[in-house]
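1. Pasted the sequence and its predicted model underneath.
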Amino acid sequence: MIGSLLVLTMFGVFFWRGLRASNRAPDLFGFYLALGITVTVCVQAFLNMSVVLGIVPNKGIPLPFLSYGGSSFVVMLTAVGILLNVSQQGEVGNS
């Protein structure tokens, strides 16, 4: 139970920080890019957790950063790298 709550908390923190990065983006493209990446990762996590709980039928979507799957992991790491870049540009632009 503690591990499950930790994973859920980490995705909540990811969502909060992603929204914060999108709000601090220097331009409208950065805003939508950061928002899209954040929502994509969190919706994928929500769908996976819903399948595990039996709320929705199996979709074959892996849990981001935790489930086995090389191509999904590479895409998620690339997306987070782009999100970090948008976040860094927002910090430089607002200083």
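-> All right, it came through fine.

2. So for stretch 20-27, first residue to last residue, what's the gap.
-> 14 Å (CA to CA, to the nearest Å).

3. Now do that stretch, average pLDDT.
-> On average, the pLDDT along stretch 20-27 is 92.

4. Not counting it itself, show me its contacts.
-> 30-35, 38, 83, 86-87, 89-94 (CB atoms under 8 Å, 6 or more residues apart in numbering). Heads up, the C-betas are built off the backbone N, CA and C, glycines and all.

5. Buried residues, it. List them.
-> Buried residues in stretch 20-27, counted by 16 or more other CB atoms under 10 Å: 21-22, 24-25.

6. Out of these, list just those in strands.
-> Using DSSP state E, no member of the buried residues of stretch 20-27 falls in strands.

7. ok, back up a step: pull out the buried members of the contacts of stretch 20-27.
-> So, by 16+ other CB under 10 Å, the buried ones in those are 30-31, 33-35, 38, 83, 86-87, 89-90.

8. got a pLDDT number for the residue nearest the centre of the chain?
-> By CA atoms, centre = their mean, the mean C-alpha position of the chain lies nearest to V41, the distance being 3.3 Å. Here the pLDDT value assigned to V41 is 95.

9. Kindly report the same for M1.
-> 80.

10. in the chain, which segments are predicted with low confidence?
-> 92-95 (pLDDT under 70).

11. Walking through it, point out its helices one by one.
-> Counting by DSSP state H, the chain has helices at residues 2-23, 28-53, 70-94.

12. Now do the last one and helix 2-23, the angle between them.
-> Helix 70-94 and helix 2-23 are oriented at 50 degrees to each other (axes from the mean of the first three to the mean of the last three CA atoms, to 10 degrees).

13. Might you calculate how far helix 70-94 sits from the centre of the chain?
-> Distance of helix 70-94 from its chain centroid, counting by CA atoms, centre = their mean, to the nearest Å, is 10 Å.

14. i'd like the first residue to be 49 from this point on
-> Renumbered: residue one is now 49, and that last one reads helix 118-142.

15. outside of it, which residues touch it?
-> Contacts of helix 118-142 (CB under 8 Å, 6+ apart): 65-66, 68-70, 72-74, 78, 81-82, 85-86, 88-89, 110, 112-113.
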